[in-house]
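Chemist: here is my input; please provide its structure:
(2 chains)
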There are 2 protein chains.
Amino acid sequence: MAPVKNGRVVFGDYVQDVPKPGQTTIYDSTQTIDLEAIALNGGILIKTLVVAVDPYLLARFRNSNIPGWSLNKDDLVSYLGVGVVLRSEDPAAKPGDHLYGLMPFQEYTVLPGIGELRVLKNEEKLPWSVYVGIAGMPGQTAWVGWKEYAAPQKGDVVFVSSGAGPVGNMAIQLAKHAGCKVIASAGSDEKVRELRDTVGADVAFNYKTTSVWDVLAKEGPINIYWDNVGAESLDAALQHAATGARFIECGMISQLSGAPYTMKNLFMIVRQEIKLFGFITTTLMPKYLADFYKEVPGQIARGELKYVEDRKHGLELAGEAIRDVWLGQNRGKSVVIVGEE
Amino acid sequence: MAPVKNGRVVFGDYVQDVPKPGQTTIYDSTQTIDLEAIALNGGILIKTLVVAVDPYLLARFRNSNIPGWSLNKDDLVSYLGVGVVLRSEDPAAKPGDHLYGLMPFQEYTVLPGIGELRVLKNEEKLPWSVYVGIAGMPGQTAWVGWKEYAAPQKGDVVFVSSGAGPVGNMAIQLAKHAGCKVIASAGSDEKVRELRDTVGADVAFNYKTTSVWDVLAKEGPINIYWDNVGAESLDAALQHAATGARFIECGMISQLSGAPYTMKNLFMIVRQEIKLFGFITTTLMPKYLADFYKEVPGQIARGELKYVEDRKHGLELAGEAIRDVWLGQNRGKSVVIVGEE
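Modeler: This is a model prediction of the structure:
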């Protein structure tokens, strides 16, 4: 069989202001691959089906200091995705298997073996993109953090900041399933509508146009805060926390990238006997992952868990997806559909 | 019997800069009382033996907004103390009983009954002052917070800020008993010496002359932080926290009274998977108080728990005690010996 085009996305340069497609990342269609002839040397040949774009990927383009996470010019970009095995010399995978994990932004790739990629069963026949969102790392993040630390009581008031991403989507729905009232914030009116209409938040607001202090004063006090952002949202949540509130500290994006913020309400931690739980998903995964894959795909298939996706079709649009997420212009989980089966 | 002098301390005026004896509080020796004739009306007559002075009492003089904790001019000052019952018409107490709780800064007082005062057994014949310090509320604060949240492992590194007070003293010794290495801070070189020589901290430093950042960089990372102060100490502790560290948030004095401080390391809560536990002693007391009184006085009597006391003799020195604590010039737990038996 003749070689076929093997489109890919490589790193260009660190972001100065806003990511620019063709500069921050470059779509390169000059490579080809002979899918039948290429040597595997004990490895596997995969076809990438979908890759995810989210803030953690963006950190690669920000010259952040996350060890092992930086890129050099012309490096192939990779992030969470799903691929299908075309050929395999690794006994752990056979042609037709679907693999989830760190996936190259490239149509076809030879890997030395399945390594830490996970074989997905997908008995529910969900779209593969779901496995990088609500049924992947982001959904798992919300799921394990919630199970470990939320201790929800029926009627508890829960605040989820940055509710429009897949982590927030899952946290909101776990809270609703537990009989809680959910307040959620997002960065655009469209996202706010989705939080209310699709995801099921009781109260949703645009933090860019509505004061988080006012919303929590009216709808609080809160018993559980799912914190994706830190800074002012965290400060307002402290101000309006009920006695014994649990704060699940999932992310502090504002703290890392924004201007320094002076917290006014840290003393409320003591006064209101608040517990804050910082956590990293991978630490809690061994305890919960089997249950997650047992429960979550079925709940999605039955419509008990909703999700919102922003799909781009084709790797040549990865740069646009990256820019949109950076600007908060994506609507739902940003995924790039790389190939079809 | 003829009436006797009944010295007392009343509130004068809110502190402007530093408490002034005779102005912030006033010692008044004009009152008398007839100990045999005064009517009890079903209550009790007590003689105050000792009262405590600590930062929570100082809040009364600061025009703080703690509900029920403000004073008006000429109000009798009261705070934790121990008194002995001289006469009683309350079946819950008999003459000779010693009572612990909120006690007037007054030599003799008729109370409507023992109310929430606790009868102390003191089978170990400890000085009564101990029961307002390491065997009283402050010691209980450290004890219940530690038992509930510290989860110490042998070899853990523990940092106790404001180690020289009775809360800090107890926290340090609980950590040492658990086989931990203890770093403690205090506000004077004398206090630092006591922390090292009497209380048993492995590393003690004067936070006014030595950088907390440097000490923790050298002696950390820390697994447990007993936080009595918040602000910069908390920020430094976050910077030097080990993965999975527990932060027991007991007080945020700096946060309440100092200049606003901009935390630089809140994102470490997530990155290092830190848990912060805000707590109020009284909430945890029902769970632990019986054990506390069963264990702690005996440990003190056997010399297994050390304490440092700064004693003033006579209510006329209460104003000085208040000023000293405000300025951090007390050495050890500040107590005022009001009377002898």
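Chemist: can you tell me the element A:F277 falls in?
Modeler: strand A:275-278 (DSSP states H and E).
Chemist: who touches the helix or strand that that strand is followed by?
Modeler: Sequence-wise, the next helix or strand beyond strand A:275-278 is helix A:281-301, with elements assigned using DSSP H and E. Contact partners of helix A:281-301, identified using Cβ atoms under 8 Å, 6 or more residues apart in numbering or on different chains, comprise A:121-126, A:130, A:134-135, A:137, A:139-141, A:143-145, A:147-148, A:305, A:307, B:273. C-beta: built from backbone N, CA, C; applies to glycine.
Chemist: which PyMOL command selects the buried ones in those?
Modeler: A single PyMOL command suffices to select whichever of the contacts of helix A:281-301 are buried according to 16 or more other Cβ atoms under 10 Å in any protein chain shown:
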select buried, (chain A and resi 122+126+130+134+135+137+139+140+141+143+144+145+305+307) or (chain B and resi 273)
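Chemist: partner strands of the strand holding A:F277, with direction?
Modeler: strand A:241-249 (parallel), strand B:275-278 (antiparallel) (DSSP bridges).
Chemist: give me the buried positions along that strand.
Modeler: Quick answer for strand A:275-278 (16+ other Cβ under 10 Å): A:K275, A:L276, A:F277, A:G278.
Chemist: list the contacts of the spatially most central residue of chain A.
Modeler: Nearest to the geometric centre of chain A sits A:P138, at 3.9 Å (Cα atoms, centre = their mean). Neighbouring residues of A:P138 by Cβ under 8 Å, 6+ apart: A:D54, A:V132, A:G165, A:P166, A:V167, A:M170, A:K333.
Chemist: same thing with A:K275?
Modeler: Contacts of A:K275 by Cβ under 8 Å, 6+ apart are A:Y149, A:G244, A:A245, A:R246, A:F247, B:K275, B:L276, B:F277, B:G278.
Chemist: closest to A:G179 among the residues you listed?
Modeler: Relative to A:G179, the closest of the contacts of A:K275 is A:R246; by Cβ to Cβ it sits at 15.7 Å.
Chemist: what segments of the stretch 101-250 of chain A are helices?
Modeler: A:137-149, A:166-177, A:189-194, A:212-219, A:231-239 (DSSP state H, counting those that start in this stretch).
Chemist: just name the most buried of the ones you listed.
Modeler: helix A:166-177 (a mean of 26; mean count of other Cβ atoms under 10 Å in any protein chain shown).
Chemist: tell me the mean pLDDT over that helix?
Modeler: Average pLDDT, helix A:166-177: 96.
Chemist: and the angle for it with helix A:281-301?
Modeler: Going by axes from the mean of the first three to the mean of the last three Cα atoms, to 10 degrees, helix A:166-177 is angled at 60 degrees with respect to helix A:281-301.
Chemist: how much space separates A:I38 from A:V212?
Modeler: Applying Cβ to Cβ, to the nearest Å, the value for A:I38 to A:V212 is 53 Å.
Chemist: with A:E273 instead?
Modeler: 22 Å.
Chemist: what of A:V296?
Modeler: Counting by Cβ to Cβ, the gap from A:V296 to A:V212 is 29 Å.
Chemist: again with A:P152
Modeler: For A:P152 relative to A:V212 (Cβ to Cβ), the value is 21 Å.
Chemist: A:R302 now?
Modeler: For A:R302, the distance to A:V212 - Cβ to Cβ - is 34 Å.
Chemist: do A:K181 as well
Modeler: 16 Å.
Chemist: what is the neighbour count of A:T209?
Modeler: Look at A:T209: counted by other Cβ atoms under 10 Å in any protein chain shown, it has 10 neighbours.
Chemist: what does chain A put close to chain B?
Modeler: Residues of chain A lying close to chain B by Cβ under 8 Å from any Cβ of the partner chain are A:230, A:234, A:249-252, A:255-256, A:260-264, A:266-280, A:283.
Chemist: lowest average confidence, helix or strand, in chain A?
Modeler: Using mean pLDDT, DSSP states H and E, helix A:253-257 stands out as the lowest-scoring helix or strand of chain A, at a mean of 59.
Chemist: after that helix comes which helix or strand?
Modeler: That would be, after helix A:253-257 and using DSSP H and E, helix A:268-271.
Chemist: CA atoms only: put that following helix into CSV for me.
Modeler: Written as CSV, here are the backbone C-alpha positions of helix A:268-271 (Å, rounded to 0.1, in the frame of the first residue of the first chain):
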residue,chain,number,x,y,z
MET,A,268,-12.9,32.1,58.4
ILE,A,269,-11.1,28.7,58.1
VAL,A,270,-10.8,28.8,61.8
ARG,A,271,-14.0,30.6,62.7
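Chemist: what sits up against that helix?
Modeler: So helix A:268-271 is contacted by A:238-239, A:241, A:274, A:276, B:249-252, B:276, B:278-280 (Cβ under 8 Å, 6+ apart).
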